[in-house]
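>>> give me a 3D structure for the following:
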Amino acid sequence: MPFPGTRVWTGTITKQHPKADDDSCMLDLVFRYTERTIDKSGEPLLVMETDLEVWWTNLCESPETVIALYHDHGTSEQFHSELKSDMGVERLPSGKLDVNALVLTLSMVAFNTLRWIGQSALGWGSLLPIKLDPKTPMIRRRLRKVIADLIMIGCKLVQHGRSWILRISRSNPWLPVFMQLHMKFSRL
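Just a heads-up that it's a prediction; the model follows:
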């Protein structure tokens, strides 16, 4: 929602990109024009401030959706950074394209599985051993934290009376979340 003293216009113009060939498809030029007469602290401005943001896109979405997607590009950069650093895929292991494609595919499956585990763990906010600020709710956890807290959980596999038992210390602060995740995923 804009501040008082702010007017915003958004729209789309369909045309051909200026550097495109003559037979290329048409693109949308999405724009947002903003005029401000009052700053964020409520002081009137002597001269009106204007902003013009423009994006060329081939997305078939409303201007507001396109603007929101482009403003949220930092999130995709964070996911890319997590894939490279937290999962150790900075350098691909081979000069062969097929091997690297397999490594990236397996990394993608592991990434999505870990992301799913992390997002599911946030569903049990009362069981989490970390303090959540109600003013700024946590919307995701980094993969390195999911791996450290829930995947690399200290345990021991014991055989007793013809059965195998997984022993986890009761003093582990992540045990309630781990048990809830285990129950949820064992039903799938």
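>>> show me the shaky parts of the chain.
1-3, 16-25, 132-133, 137 (pLDDT under 70).
>>> in it, which spans are helices?
63-71, 73-85, 97-122, 143-146, 175-186 (DSSP state H).
>>> counting by contacts, list what the second one packs against.
If you count contacts as 3 or more CB pairs under 8 Å, 6 or more residues apart in numbering; DSSP states H and E, helix 73-85 packs onto helix 97-122, helix 143-146. Every residue, glycine included, has its C-beta placed from N, CA and C.
>>> could you export those as CSV, including distance to residue 64?
Formatted as CSV, the helices and strands packed on helix 73-85 follow (distance: least, CB to CB, whole Å):
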stretch, distance to residue 64
helix 97-122, 26
helix 143-146, 31
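>>> please convert those helices to a markdown table, extending it with mean neighbour count.
Converted to a markdown table, the helices and strands packed on helix 73-85 look like this (neighbours: other CB atoms under 10 Å):
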| stretch | mean neighbour count |
| --- | --- |
| helix 97-122 | 14 |
| helix 143-146 | 18 |
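>>> re earlier: now the helices of the chain as JSON lines including distance to residue 9?
JSON lines is the format used below for the helices of the chain (distance: least, CB to CB, whole Å):
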{"stretch": "helix 63-71", "distance to residue 9": "10"}
{"stretch": "helix 73-85", "distance to residue 9": "22"}
{"stretch": "helix 97-122", "distance to residue 9": "36"}
{"stretch": "helix 143-146", "distance to residue 9": "40"}
{"stretch": "helix 175-186", "distance to residue 9": "46"}
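>>> just so I know, which of the ones you listed lies nearest residue 49?
helix 63-71 (18.6 Å; CB to CB).
>>> centre of the chain to the closest one, how far?
16 Å (CA atoms, centre = their mean, to the nearest Å).
>>> which of the residues in it are buried?
63, 66-67 (16 or more other CB atoms under 10 Å).
>>> for stretch 139-152, same thing?
Along stretch 139-152, these residues count as buried under the neighbour rule (16+ other CB under 10 Å): 141, 143, 146-147, 149-150.
>>> nearest to residue 125, of these?
Checking the buried residues of stretch 139-152 against residue 125 by CB to CB gives residue 141 as the nearest, at 12.1 Å.
>>> which residues sit in contact with that closest one?
Residues in contact with residue 141 (CB atoms under 8 Å, 6 or more residues apart in numbering) are 118-119, 121-122.
>>> which one of those is nearest residue 158?
Nearest to residue 158 among those, counting by CB to CB, is residue 121 at 25.7 Å.
>>> how close does the closest residue in space to the closest one that isn't next to it in sequence get to residue 149?
Spatial nearest neighbour of residue 121, chain neighbours left out: residue 177 (5.2 Å); criterion: CB to CB, 6 or more residues apart in numbering. As judged by CB to CB, to the nearest Å, residue 177 and residue 149 stand 8 Å apart.
>>> ditto for residue 188
For residue 188 relative to residue 149 (CB to CB), the value is 21 Å.
>>> and residue 110, by the same measure?
When distance is defined by CB to CB, residue 110 is 16 Å away from residue 149.
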